[in-house]
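K.L.:
next one to model:
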Amino acid sequence: MILEFINVVLEIFVQYFELVSALIIIYGGLRTIFRILRIEVFKKPGSYQRIRKEFTDRILLGLELLIIADVLETLRRRSLDDILLLGAIILIRILLSHFLSKEEEEYNFD
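P.N.:
Residues are numbered from 1 along each chain as shown. Okay, here's the model as predicted:
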């Protein structure tokens with residue numbers, strides 16, 4: 001009974017983190033498109049580097065939240081296959097985060 005309750009709670013948190021992650025990435029994408037349109041269509045001043053940096057920040061945050069969701073999902077299932085899959089997913093996301101962070105450092109913004 002307690003294990004079922006823990007599984008339900010973990011599933012709720014998994015869905016929450018996945019949803020929040022998706023919303024952050026979607027918001028970042030929409031905001032990026034809007035800001036590019038402001039520069040291109042309405043000829044407002046702006047910096048593409050700053051736009052890319054802000055979008056990269058949102059992608060990184062979204063990836064970190066997805067890692068949390070994956071860890072919680074693995075806690076729910078607890079099989080060797082799930083643990084190996086989690087390890088591969090986390091490795092891929094860490095590599096993505098690393099390279100996005102390197103790219104972000106090139107912008108030299110605070």
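K.L.:
any idea of the mean pLDDT for the lengthiest helix in the chain?
P.N.:
Longest helix in the chain by number of residues (criterion: DSSP state H): helix 2-40. The average pLDDT within helix 2-40 is 95.
K.L.:
and residue 25, what does it touch?
P.N.:
58-59, 62 (C-beta atoms under 8 Å, 6 or more residues apart in numbering). (Glycine included, C-beta is placed from N, CA and C.)
K.L.:
which one of these sits closest to residue 39?
P.N.:
residue 58 (18.4 Å; C-beta to C-beta).
K.L.:
the closest one and residue 97, how far apart?
P.N.:
Taking C-beta to C-beta, to the nearest Å as the measure, residue 58 falls 12 Å from residue 97.
K.L.:
so where does residue 45 fall, helix or strand?
P.N.:
Assigned by DSSP states H and E, residue 45 belongs to no helix or strand.
K.L.:
ok, it to residue 31 distance?
P.N.:
17 Å.
K.L.:
of the two, who's got more company?
P.N.:
Neighbour tally, residue 45 and residue 31, criterion other C-beta atoms under 10 Å: the higher count belongs to residue 31, 14 against 6.
K.L.:
quick one: residues contacting the more buried one.
P.N.:
Applying C-beta under 8 Å, 6+ apart to residue 31 gives the contacts 54-55, 58.
K.L.:
need the residues you listed in CSV with neighbour count, distance to residue 19 and secondary structure, can you?
P.N.:
Shown next, in CSV, are those (neighbours: other C-beta atoms under 10 Å; distance: C-beta to C-beta, whole Å; DSSP: H, G, I helix; E, B strand; the rest coil):
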residue, neighbour count, distance to residue 19, secondary structure
54, 17, 21, helix
55, 20, 20, helix
58, 17, 15, helix
